[in-house]
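> sharing a model prediction with you, sequence too.
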Amino acid sequence: MNYCVVPLHDLYPHDEYSERCMCVPVVEEFENSAKLYVHNAFDEREKDEQIVARLMEQNNKIRLWEKRENANGGKNGETSGILRSDTGRDRAD
Ligand SMILES: [Zn+2]
């Protein structure tokens with residue numbers, strides 16, 4: 001038996017159980033020769049998901065940084081580094 005993961009409400013239909021689908025799906029083959037076809041969305045929603053994942057990861061780093069700062073008595077010490085945003089401004093500004 002084969003399985004597929006197909007994006008809902010996509011721009012175009014997928015060839016669900018084919019490696020030749022135009023979205024270039026990732027195909028995983030299991031020991032029992034079953035295949036899993038994971039399709040990519042034509043509307044490129046994965047890019048948004050990657051951005052969200054990156055932001056969430058970044059947010060976790062900020063939380064870790066804040067925890068470390070709190071552990072240091074809340075001091076903005078020289079050794080703990082400084083967190084900058086893409087605006088180039090320091091966090092404390
Ligand atoms: Zn596809």
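Everything's here; your move.

> use CA for all of it now, contacts and neighbours both
Fine.

> now residue 15. Nearest residue, chain neighbours left out?
Once flanking residues are discounted, residue 15 sits nearest to residue 21: 5.0 Å by Cα to Cα, 6 or more residues apart in numbering.

> identify the residues contacting the nearest residue to residue 42 once chain neighbours are set aside.
Spatial nearest neighbour of residue 42, excluding adjacent residues (Cα to Cα, 6+ apart): residue 11 at 6.0 Å. Contacts for residue 11 (Cα atoms under 8 Å, 6 or more residues apart in numbering) come out as 41, 42, 43.

> neighbours of the first one, how many?
The local packing count at residue 41 equals 21, with neighbours defined by other Cα atoms under 10 Å.

> what of the second one?
Applying other Cα under 10 Å, we find 15 residues neighbouring residue 42.

> which helix or strand contains it?
Using DSSP states H and E, residue 42 sits within no helix or strand.

> just how off-centre is stretch 4-13 within its chain?
19 Å (Cα atoms, centre = their mean, to the nearest Å).

> buried ones in that stretch, by neighbour count?
For stretch 4-13, the buried set under the neighbour-count rule, 16 or more other Cα atoms under 10 Å, comprises 4, 6, 7.

> got the CA positions of that stretch in CSV?
The C-alpha trace of stretch 4-13 is given here as CSV (Å, rounded to 0.1, in the frame of the first residue of the first chain):
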residue,chain,number,x,y,z
CYS,A,4,0.5,10.3,0.0
VAL,A,5,0.5,13.7,1.6
VAL,A,6,-1.1,16.3,-0.6
PRO,A,7,-1.5,20.0,0.1
LEU,A,8,-5.2,20.9,0.5
HIS,A,9,-6.8,23.5,-1.8
ASP,A,10,-3.7,23.8,-4.0
LEU,A,11,-3.5,25.7,-7.2
TYR,A,12,-3.3,22.6,-9.4
PRO,A,13,-4.2,18.9,-9.0
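
> pLDDT averaged over that stretch - what is it?
Stretch 4-13 comes out with an average pLDDT of 93.
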